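Visitor: Quick one: sequence plus predicted model below, questions after.
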Amino acid sequence: MKLKSILSGIILCFVFSFISSDVFAVTAWARKYGFDCNVCHWSPNKLNKTGQDFLRQGHMNFKEDASGKSLSDYLSLTSKIRFNTFKQDTFEQHAFSVYTGGPLDKGFSYFAEMYLHENSGNISGNSDFSDFGRSKLAEAFLQYTYGDEKKFTTARFGQIVSQLLYIHGVGGRFGKDRAMALTSTFGSTPYKPFQRNYGAEVSQFYKGFMGTVGVINGTGGSLFNVVDNNRHKDVYATLDYEFNKEGSVVGLYGYHGKFPRAGFDDKFFQVGPMFNYMTKSFTLSGLALFGKNNKNIARDKSDSIGGYLEAGYKAYSDLLVPYLRFDYFDADTKDEVGKRYGPVAGLVWSPFSYGRFVGEYTNIEDDNGPGGNNTTHKFSLEAQYMF
């Protein structure tokens, strides 16, 4: 990796840090309730107890309806701009998207995340203004919530992902990249934990405990915005407990699915614990996911293990938050090759309430057995703003 690339990123971070930090956040929900973003976020993008409860309850307060609300209370625009070093140095307009959601009426609410533009990941081709971009509906659902803060029942219908996974890195997170355990497939199934699928979900919350069951399309999440052609429906379930005033969580996640393959159906499942411990200035979170699926038509089994451990610290209030994560994923523990592991270190810089800057360094080792290991070094700088 070129030294000048790292220095360029550090200099950019340093310059950006001196932008005024006295501006209050004005994202849609902050505008609506007159709060600073720190009310719901432990740090930029990572939820605290108030934010987690707001998420679970459908992005609204109980008994709230849509009367007297303006469009600005429901709509936010966000953009991610990146500089990456990996084999080549490149600037990237990664995404421009719309977040919208909030109360409708009598317990009903909605949420949607729409990418008007997202970089497709292609790095070659003619510059014809097709620009390798794509639009994508990332998440969209209708929710009904009944009860009060201590005991409530919810039902969601649409394009969804487990809220427990959302809290543990699928949604709000420190870094630019999600952990490998959330973005990797195992066996030959296309299932990835972070993918949103069409389906329905019911949850019950009682004095800190929350149980959830979801039924979704059985494609395994290989494609967005595609109607399922596999009549089998996948099922996921979670159970978690939220404790202490900062919003620490311990939970258990399970997923069972079936994916059609040549000559047989690949039945697979994934299960594992996760936790998120938070104080006012320190957080430690992690998860471990254990998977099993059919390896071939002879029904040989393939076992997978993935997980991460991540720590963050408020070094200077909410302005500077360094974080460190260790990633691990093995798609088939019976195979001598295929393990991926390594540290991810970064710094979240929040010089203004409209957004943040993240500098992130990744050092991932690919275990290729007798063929030797490959090491991936990558430095990224991301600027994100939301209004």
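Guide: On my side now, so go ahead. Numbers count the residues shown, from 1 in each chain.
Visitor: what residues are up against Thr183?
Guide: When the contact criterion is CB atoms under 8 Å, 6 or more residues apart in numbering, the partners of Thr183 are Asp177, Lys192, Pro193, Phe194. C-beta: built from backbone N, CA, C; applies to glycine.
Visitor: now Gly338
Guide: In this structure, Gly338 makes contact with Asp330, Ala331, Asp332, Asp367, judged by CB under 8 Å, 6+ apart.
Visitor: hmm, back to that, how about TSV for the contacts of Thr183, with distance to Phe91, pLDDT and secondary structure added?
Guide: Compiled in TSV, those are given as follows (distance: CB to CB, whole Å; pLDDT from 0 to 100; DSSP: H, G, I helix; E, B strand; the rest coil):
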residue	distance to Phe91	pLDDT	secondary structure
Asp177	17	87	coil
Lys192	27	90	coil
Pro193	30	92	coil
Phe194	25	91	coil
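Visitor: now, the most widely separated pair of those residues?
Guide: Of all pairs drawn from these, the one with the longest distance (CB to CB) is Asp177 and Pro193, at 14.4 Å.
Visitor: So for those two, which sits in the more crowded spot?
Guide: Just comparing Asp177 and Pro193: by other CB atoms under 10 Å the higher neighbour count belongs to Pro193, 27 against 19.
Visitor: Nearest residue to the more buried one in space, please, no chain neighbours.
Guide: Leu182 (4.9 Å; CB to CB, 6 or more residues apart in numbering).
Visitor: what's the answer for Leu47, then?
Guide: Distances taken as CB to CB, 6+ apart place Gly172 nearest to Leu47, at 5.2 Å, with adjacent residues excluded.
Visitor: shouldn't the one you found be in contact with Trp42?
Guide: No: assessed by CB atoms under 8 Å, Gly172 is found out of contact with Trp42, at 9.0 Å.
Visitor: When these two are compared, which one has more neighbours?
Guide: When neighbours are counted by other CB under 10 Å, Trp42 comes out ahead of the other of Gly172 and Trp42, with 28 against 19.
Visitor: Do a quick rundown of the helices in this protein.
Guide: When secondary structure is read from DSSP state H, the chain shows helices at 3-16, 28-33, 49-56, 163-165, 180-183.
Visitor: on that earlier part again, for the contacts of Gly338, which entry has the maximal number of neighbours?
Guide: Within the contacts of Gly338, most neighbours by other CB under 10 Å means Asp330, with 22 neighbours.
Visitor: Which residue, other than its chain neighbours, is closest to that one?
Guide: Distances taken as CB to CB, 6+ apart put Lys339 closest to Asp330, at 4.5 Å, once the chain neighbours are dropped.
Visitor: swap in Tyr166?
Guide: The shortest distance from Tyr166 to any residue that is not its chain neighbour, by CB to CB, 6+ apart, is 7.0 Å, and that residue is Leu55.
Visitor: By mean pLDDT, point me to the weakest helix or strand of this protein.
Guide: Every helix and strand of the chain was ranked by mean pLDDT, DSSP states H and E. The lowest is helix 3-16, at a mean of 43.
Visitor: so what's the most centrally placed residue in the chain scoring on pLDDT?
Guide: Ranked by distance to the mean C-alpha position of the chain (CA atoms, centre = their mean), the top residue is Val170 at 1.9 Å. According to the predicted model, the pLDDT of Val170 comes to 92.
Visitor: tell me the contacts of it?
Guide: Applying CB under 8 Å, 6+ apart to Val170 gives the contacts Val161, Ser162, Arg178, Leu182, Pro193, Phe194.
Visitor: Could you do Thr189 as well?
Guide: Contact criterion CB under 8 Å, 6+ apart gives Gly220, Gly257, Phe259, Asp266, Phe268, Asn293 as the residues in contact with Thr189.
Visitor: mind checking how far it is from Ala262?
Guide: With the distance defined as CB to CB, to the nearest Å, Thr189 ends up 13 Å from Ala262.
Visitor: now Tyr236
Guide: Counting by CB to CB, the gap between Tyr236 and Ala262 amounts to 26 Å.
Visitor: same question, Gly306
Guide: When Gly306 is compared with Ala262 (using CB to CB), they lie 26 Å apart.
Visitor: Settle it for me: which of these two has more neighbours?
Guide: Taking other CB under 10 Å, Gly306 and Ala262 do not tie; Gly306 has more neighbours (26 against 7).
Visitor: Quick check: that one touching Thr333?
Guide: No: under the contact definition of CB under 8 Å, Gly306 does not touch Thr333, with a separation of 10.6 Å.
Visitor: By neighbour count, which of the contacts of Val170 wins?
Guide: Neighbours were tallied for each of those (criterion: other CB under 10 Å), and the maximum of 27 neighbours falls on Pro193.
Visitor: who touches that residue in this structure?
Guide: Listed by CB under 8 Å, 6+ apart, the contact partners of Pro193 are Ser162, Leu165, Val170, Ala181, Leu182, Thr183, Tyr253, Tyr255, Gln270, Leu289.
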